[in-house]
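Student: Can you look at this prediction? I've put the sequence above it.
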Amino acid sequence: MWVASWQGGVVYFKDGKVRATYGPGDGLGTGRVNDLYLDHETALWVATEGGLSRIEDGRVSTLTAKGGLPCDAVHGLIEDETKSFWLYMGCGLVRIQRSELDAWFLDRNRRIKTTLFDLLDGVKSHAGTFNYAPRMASGKDGKVWFVPFDGVSYVDPGHLSSNPLPPPVRVEEVTANGITYDPAANGQLHLPPNIRDLSVRYTALSFVAPEKVRFRIKLEGQDTDWRELTDRHVQYTNLAPRSYRFRVLACNNSGVWNEGGATLGFSVDPAFYQANWFLALCVLLLLAMLWAAWQWRVRQLRHQFEMTLDARVGERTRIAREIHDTLLQTFQGVLLRLQIVSQLIRERPNEAQQSLDNTMELAAQAITEGRDAVQGLRDSTVQSNDLARAVNALGEDLATAPASHGSPLFRVTVEGESRELHPILRDEIYRIAAEALRNAFSHARARKIEVEIRYHDDQFRLRVRDDGRGIDPAVLLPQGRQGHYGLPGMRERAAEIGGKLAVWSELDAGTEVELTVPAARAYRENGLRSWFSRRLTSKHQ
């Protein structure tokens, strides 16, 4: 015994016990069960609101509109003498060959062929609920009886008219972005780029029941499967640039399909940014950008390496200048004092002893200078910002040194209001001035040595002049002379601080060393701001 209910589900009883139950979870059609039919091959057919189900050997399969039924709701079913199934459905009376059903249950991907009898054929139907069953029966004369909502109807399967002619199909027109094209004009349509809206109109000829013609369409290149509909037009949006092939099939009122159908080939041209050459150009541009970024990174790393290398070379050069300007100068003074001691030690031992003591003090000073050079090459040499006072103190020390030839007149003059210099730049200026003064006191044999310091709005200027015997022209050359590093060191310091060093000298006419540095680099405060501030101050005064 098979039992079903309007709440859904089917139960199998045998020997007074429930042997099996089937529901939607097992593959049975959803909704209420309207009818049961046990065929001659021991398969149970179940009419449900969710399709036609078959239970055989414990397996459940359900055929719905996706498989080819006109609709899903099945109110009743019966099998006639010709092995055809009749389904009374919400959309009408449907006839299906048993061979079609068997083929579908073997291959669920195919669509079955059906014959639909609806209101146009005199079949009244609705999707409402019926109170009595069975709703379908087969008479001894082969007629199939069914119960509509207002009486009793029958159909005689042996006297049904059939339309064996497949309807001819034709594609009538194509409209793309509001422009209509005639598909018969040529075999392949070329549509412009950027097709946002495409409409294809088609038709099929049938004089028997044109309103019952159905279509299957497929746009190859866009659709993956056939679509079945009754409309005679279809729309597509945002078609990509490529070639397409539109196919349409049609069937008549008897379900006879024109399998050849009609075909329309067309292509959508690409816009310039969709063309292959543009995409290739974009790829090349991207590769070029990546290559440029890689080159930029390589140059950046190379620049960082060169900066590090330049910094190391600059530090070594700075150390060399520091040693030349401090230790070598001091040791040169020590050597001169030792020479004096060597000359006095036999004839005037007391003076020699005094000179030796001074030499020891100078050696101790050299040790201190060496320690300071090693531990604080970057510390400020001039602790205060009074450059004139520091230069004046250095000149007085050099004037009293034993290596000085005589006692030249030394003077320091300052023009303009004294300003605060950058510490590193101030030290370099002091080193340049010290080197120029040492050369003047040690080698010029001058009667007068002058230092002029000028603070101007446009630039800072340092000038060291003497009236001595001048400098050998070979020493004044840019490459200097082998073993002499004073002038090259001065030029290097001037270049590092962004200044300009000029050296003028003639034999027996003296020497002049001039250093100029732009105000923007020399002063701590910006030169323009300083000028405005002084102008405002003068106005208020």
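Tutor: Sure thing, it's come through.

Student: shaky segments in the stretch 301-450 of the chain?
Tutor: 309, 311-333, 335, 337, 362, 364-385, 401-406 (pLDDT under 70).

Student: Please, where are all the strands along it?
Tutor: Assigned by DSSP state E, counting those that start in this stretch, the strands in the stretch 301-450 of the chain fall at 409-415, 448-455.

Student: Tell me which of those lies nearest to E100.
Tutor: Comparing the strands of the stretch 301-450 of the chain against E100 with CB to CB, the closest turns out to be strand 448-455 (109.8 Å). Where C-beta positions appear, they are placed from N, C-alpha and C, glycine not excepted.

Student: From the chain's centre, how far out is the closest one? Work that out for me.
Tutor: 62 Å (CA atoms, centre = their mean, to the nearest Å).

Student: thinking again about what came up before, nearest approach to E506 belongs to which of the strands of the stretch 301-450 of the chain?
Tutor: Comparing those by CB to CB, strand 448-455 comes nearest, at 16.1 Å.

Student: Dump that closest one to PDB, restricted to CA.
Tutor: Listed next in PDB are the C-alpha coordinates belonging to strand 448-455 (Å, rounded to 0.1, in the frame of the first residue of the first chain):
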ATOM      1  CA  LYS A 448     102.200  93.700   7.700                       C
ATOM      2  CA  ILE A 449      99.400  91.100   7.800                       C
ATOM      3  CA  GLU A 450      95.700  92.000   7.700                       C
ATOM      4  CA  VAL A 451      92.500  90.000   8.000                       C
ATOM      5  CA  GLU A 452      89.300  91.500   6.800                       C
ATOM      6  CA  ILE A 453      85.900  90.000   7.800                       C
ATOM      7  CA  ARG A 454      82.900  91.400   6.100                       C
ATOM      8  CA  TYR A 455      79.200  90.500   7.000                       C
END
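
Student: List the neighbouring strands of whichever helix or strand comes after it plus their orientation.
Tutor: Note on strand 448-455: by DSSP states H and E, the next helix or strand toward the C-terminus is strand 459-466. According to DSSP bridges, strand 459-466 has the following sheet partners: strand 448-455 (antiparallel), strand 510-518 (antiparallel).

Student: Just send those strands back as a markdown table, with mean neighbour count and distance to P183 too.
Tutor: Shown next, in a markdown table, are those (neighbours: other CB atoms under 10 Å; distance: least, CB to CB, whole Å):
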| stretch | mean neighbour count | distance to P183 |
| --- | --- | --- |
| strand 448-455 | 19 | 92 |
| strand 510-518 | 20 | 81 |
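
Student: R431 is nearest to which of those?
Tutor: Among the strands paired with strand 459-466, strand 510-518 sits nearest to R431 (CB to CB), with 10.7 Å.

Student: With just CA atoms, put the closest one into PDB.
Tutor: In PDB, the C-alpha atoms belonging to strand 510-518 read as follows (Å, rounded to 0.1, in the frame of the first residue of the first chain):
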ATOM      1  CA  GLY A 510     102.500  90.100  -1.300                       C
ATOM      2  CA  THR A 511      99.700  87.600  -1.300                       C
ATOM      3  CA  GLU A 512      95.900  87.900  -0.900                       C
ATOM      4  CA  VAL A 513      93.500  85.100  -0.100                       C
ATOM      5  CA  GLU A 514      89.800  85.800  -0.400                       C
ATOM      6  CA  LEU A 515      86.900  83.500   0.500                       C
ATOM      7  CA  THR A 516      83.300  84.400  -0.300                       C
ATOM      8  CA  VAL A 517      80.300  82.400   0.800                       C
ATOM      9  CA  PRO A 518      76.600  83.200  -0.200                       C
END
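
Student: Touching it from outside, list them.
Tutor: Here strand 510-518 makes contact (CB atoms under 8 Å, 6 or more residues apart in numbering) with 425, 429, 432-433, 436, 439-440, 444, 446, 458-468, 470-471, 490, 494, 497-505, 527.

Student: Which of the residues in whatever helix or strand comes next after it are classified as buried?
Tutor: Reading on from strand 510-518 to the C-terminus, the next helix or strand found by DSSP H and E is helix 519-522. For helix 519-522, a neighbour-count test (16 or more other CB atoms under 10 Å) marks A519, A522 as buried.

Student: Would you mind writing the CA trace of helix 519-522 as PDB?
Tutor: Provided in PDB are the C-alpha atoms of helix 519-522 (Å, rounded to 0.1, in the frame of the first residue of the first chain):
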ATOM      1  CA  ALA A 519      74.600  84.600   2.600                       C
ATOM      2  CA  ALA A 520      71.900  81.800   2.300                       C
ATOM      3  CA  ARG A 521      74.600  79.200   3.100                       C
ATOM      4  CA  ALA A 522      76.800  81.200   5.500                       C
END
